[in-house]
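**Student:** Got a predicted structure plus its sequence, pasted below:
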Amino acid sequence: MRRPLLGVAGLLILVAVVELLPRLGLVDTRFLPPFSSMVSALGDEAGTGGFWTALAQTLRGWAIGLAVAVLAGVAAGIVIGGVPFLRAVTATTIEFLRPIPSVALIPLVVLLYGSRPQSALVLVVYAAFWQVLVQVLYGVADVDPVVRDTARSFRFSRWAVVRRVVWPTAMPYVVTGVRLAAAVALILQITAELVIGVPGLGRSIGVAQSSGAVADTYALVIVVGLIGVAVNASARAVERRALRWHTSVRRDL
Amino acid sequence: MKRIGLPVVLVALWWAASAGSTSFFWPPLPAIVAAVPSTWTGDFWLHDVVPSVVRLLIGFFLALFLGVAAGVALGTFRTVFFMAEPVLEFFRALPPPVLIPIIALVAGYTGWTAKVVTITLGCLWPVLLNTIEGVRSVDEVARETARSYHIAPLKVIVPSAGPRIATGARQALSVGVILMVISELFGANRGLGAAVVQFQRGFAVPQMWTGIILLGLLGVALSGLFQLVERHTLAWYHGWRRAEREG
């Protein structure tokens, strides 16, 4: 009971500091407006259609990119992980491709797609794909050989082995991969909007900043941060729900 | 042989697939390679690549130092941690590139300071949060024992949080590389990221590709270097894990 209360107290202290620093003249309001004016700027924003369109564009880009990356990552991971030859051959290549920063692709996507949503999609998928793939590979490697051989002795078809043996074992890893990928996908979506000008909240932030709308800039940054918090929290909730049966989540053991 | 086989095959495939390419965006690999000597000149290394990497390293190590220091403090004092938790959650979830407009508001976005601050702030959260987790999971008995023997608490806390700090540092490094590139795209600038975008704006496509390849190689080199350092400093941890697994 103490813990949530202390957390609320911490948040209130932060809000109070942000409100008082500019009000007392300790910080220039052009750099940091009082919290109340950020809130009223957010209220004004919420009254415009542009804000909601941008929000929807950001969320749609994030969701599509994440979905593509998860599907591709899971499919590639199960195929690569299930075939020892492929796993051995691709190991170094994956280690090599993964650390390539996705932002290195920014100039290329700008040439190819300009500031259309496809630019963001490529960056989001590239960055999120590796998070999923690596986790799925760990998961597939974790399959108990005895269980796998037992399934084979019972003449499970290849598909049945994937469905009944590999998938349940890899599932916790997949969910972890999705959780990591969800956060990374949001970062790249916002980056693409901010840097390339793909329509969405990131671009709105850039526009607000360069037109000197200080309170609006802060308000939009807060919105993006809250989206991030929501993404993390819902990913964790999905993790708990999808893995109800798993020992890492169950409490009744 | 097997280890380097596929990368070699992939490069060969790229070479073959792009051989007769007349597409403007996908020049033949030989054309890209031919552009390397005239692009990666001494001036390019001295005024673009090295400053970028130096900024990245300054920002990263600053974040590592601040993150571990603050993480040990927050991990030790529970009340303070509980108070700070939601605030930290918020900053962790904030996509780091949105820091750039904020920093641009406060300090303007020119020169080294703004870029280094961007990198530091972005790298800080993964280090900080992982350090807190690591410190909070330090073995209670070890901590008490150290206290009884008058061993400085830090001598117990920092090593046992080490593996978590390394996890945080690895995440921070990849965020740092992203911010190194993006921070150079605001305002008139030099740097590796800025150079690649300059090539793109000038439609110097083969040169742009050399830049993309160099950025990729930089990412790979940094992660390789990190693994090397981690394996060395956490040798005790990896050895202990191996012993546990083998029972």
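**Tutor:** The structure has been received and is ready for your questions.

**Student:** what about the one residue sitting closest to the centre of chain B, is that helix, strand or coil?
**Tutor:** Centroid-nearest residue in chain B, with Cα atoms, centre = their mean: B:L173, separated by 1.5 Å. Under DSSP: H, G, I helix; E, B strand; the rest coil, B:L173 falls in the helix class.

**Student:** Contact partners for it?
**Tutor:** B:L173 is in contact with B:F60, B:C123, B:L222, B:S223, B:F226, counting by Cβ atoms under 8 Å, 6 or more residues apart in numbering or on different chains. All C-beta spots, glycine's among them, are computed from the backbone N, C-alpha and C.

**Student:** how about 6 Å then?
**Tutor:** B:F226 (Cβ atoms under 6 Å, 6 or more residues apart in numbering or on different chains).

**Student:** do the same with A:D149
**Tutor:** A:D149 neighbours (Cβ under 6 Å, 6+ apart): none.

**Student:** now B:F186, nearest residue through space, not along the chain?
**Tutor:** In space, and not counting its chain neighbours, B:F186 is closest to B:Y109: 4.9 Å by Cβ to Cβ, 6 or more residues apart in numbering or on different chains.

**Student:** Mind telling me what element that neighbour is part of?
**Tutor:** Under DSSP states H and E, no helix or strand contains B:Y109.

**Student:** unless I'm mixing things up, B:A84 is touching A:I13, no?
**Tutor:** No: counting by Cβ atoms under 6 Å, B:A84 stays clear of A:I13, with 9.5 Å between them.

**Student:** Between the two, which is the more surrounded one?
**Tutor:** B:A84 (22 against 13; other Cβ atoms under 10 Å in any protein chain shown).

**Student:** Now name the helix or strand holding that one.
**Tutor:** Short version, using DSSP H and E: B:A84 is in helix B:78-93.

**Student:** List of residues touching that helix?
**Tutor:** By Cβ under 6 Å, 6+ apart, helix B:78-93 touches A:3, A:6-7, A:9-11, A:14, A:225, A:228-229, A:232, B:74, B:125, B:129.

**Student:** can you tell me which of these lies nearest to A:R23?
**Tutor:** A:L14 (14.9 Å; Cβ to Cβ).

**Student:** so where does the residue nearest to B:F60 when sequence neighbours are not counted fall, helix or strand?
**Tutor:** Counting by Cβ to Cβ, 6+ apart, the nearest residue to B:F60 once its immediate chain neighbours are dropped is B:G176, at 4.9 Å. Using DSSP H and E, B:G176 sits within helix B:153-183.

**Student:** Show me which residues of that helix are buried.
**Tutor:** By 16 or more other Cβ atoms under 10 Å in any protein chain shown, the buried positions in helix B:153-183 come out as B:156-183.

**Student:** Who are the contact partners of the nearest residue to B:L192 once chain neighbours are set aside?
**Tutor:** Among residues not flanking B:L192 along the chain, B:S52 sits closest, at 4.2 Å (Cβ to Cβ, 6+ apart). Applying Cβ under 6 Å, 6+ apart, we find B:S52 in contact with B:M180, B:G191, B:L192.

**Student:** Can you check the pLDDT for B:S52?
**Tutor:** The model reports B:S52 with a pLDDT of 91.

**Student:** Quick check: the gap between it and chain A.
**Tutor:** 12 Å (Cβ to the nearest Cβ, to the nearest Å).

**Student:** Just the ones of the contacts of helix B:78-93 in helices?
**Tutor:** A:3, A:6-7, A:9-11, A:14, A:225, A:228-229, A:232, B:74, B:125, B:129 (DSSP state H).

**Student:** In JSON lines: the residues you listed, plus neighbour count.
**Tutor:** Below are those laid out as JSON lines (neighbours: other Cβ atoms under 10 Å in any protein chain shown):
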{"residue": "A:R3", "neighbour count": "13"}
{"residue": "A:L6", "neighbour count": "19"}
{"residue": "A:G7", "neighbour count": "19"}
{"residue": "A:A9", "neighbour count": "14"}
{"residue": "A:G10", "neighbour count": "20"}
{"residue": "A:L11", "neighbour count": "16"}
{"residue": "A:L14", "neighbour count": "16"}
{"residue": "A:G225", "neighbour count": "18"}
{"residue": "A:G228", "neighbour count": "23"}
{"residue": "A:V229", "neighbour count": "17"}
{"residue": "A:N232", "neighbour count": "17"}
{"residue": "B:L74", "neighbour count": "22"}
{"residue": "B:W125", "neighbour count": "22"}
{"residue": "B:L129", "neighbour count": "21"}
